[in-house]
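Colleague: Can you look at this prediction? I've put the sequence above it.
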Amino acid sequence: MDWKHVDIPIREGEALVVLASIKWLMDLDTWLAFVEINCKQVVDALKCNSGDFFEFGSIISQCKVLLCMVPNFQVSFVRRQAILEAHALARASRNYACLTSFCIIPYCIVGNIINETS
């Protein structure tokens, strides 16, 4: 397979990811889903009725059509810091064979939490 490098604006790339995610979840016959993304422009565009007729607006329109078909899907904004902490915790949880409640803060996210509180 030949790969091509294409420069597209970040918000268009993020919108394409949301569109692909919604399609994938629909293909899995998922009836409830929460899609979290760290691009506020995409989430704001999905929640308002602006008239963007360019590529970004076209992608957002496709997302809106699909989201109307599955009302139990929700796209929400999360800060990048929250995503990093969730990924760190998920990587750490692979070391445990059973469900674990952390009574102490796992070392893998201590730095993120300290940065967040300062």
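Modeller: Thanks, I have it. Numbers count the residues shown, from 1 in each chain.
Colleague: Buried residues of the helix or strand harbouring Leu19, list them for me.
Modeller: In this structure, Leu19 sits in helix 10-27 according to DSSP states H and E. Buried residues in helix 10-27, counted by 16 or more other C-beta atoms under 10 Å: 11-12, 14-16, 18-19, 21-22, 25. (C-beta placed from N, C-alpha, C; glycine too.)
Colleague: Distance check, the residue nearest to Gly51 when sequence neighbours are not counted against Ala45.
Modeller: Nearest in space to Gly51, with sequence neighbours left out and distances taken as C-beta to C-beta, 6 or more residues apart in numbering, is Gly57 at 7.3 Å. Using C-beta to C-beta, to the nearest Å, Gly57 is found at 8 Å from Ala45.
Colleague: The following helix or strand past the helix holding Leu19 pairs with which strands?
Modeller: Later in the chain than helix 10-27, the nearest helix or strand by DSSP H and E is strand 33-37. In the sheet, strand 33-37 lines up against strand 73-77 (parallel) (DSSP bridges).
Colleague: quick one: contacts of the partner strand?
Modeller: 18, 22, 25, 30, 32-40, 42-43, 46, 63, 66-67 (C-beta atoms under 8 Å, 6 or more residues apart in numbering).
Colleague: Okay, buried residues for it please.
Modeller: Result for strand 73-77 [16+ other C-beta under 10 Å]: buried residues 73, 75, 77.
Colleague: what does stretch 64-84 give?
Modeller: Going by 16+ other C-beta under 10 Å, stretch 64-84 has these buried residues: 66-67, 73, 75, 77, 84.
Colleague: Look up the closest residue to Glu14, ignoring the ones flanking it.
Modeller: Closest to Glu14 by C-beta to C-beta, 6+ apart is Cys39, at 3.8 Å.
Colleague: Appreciated, that's everything.
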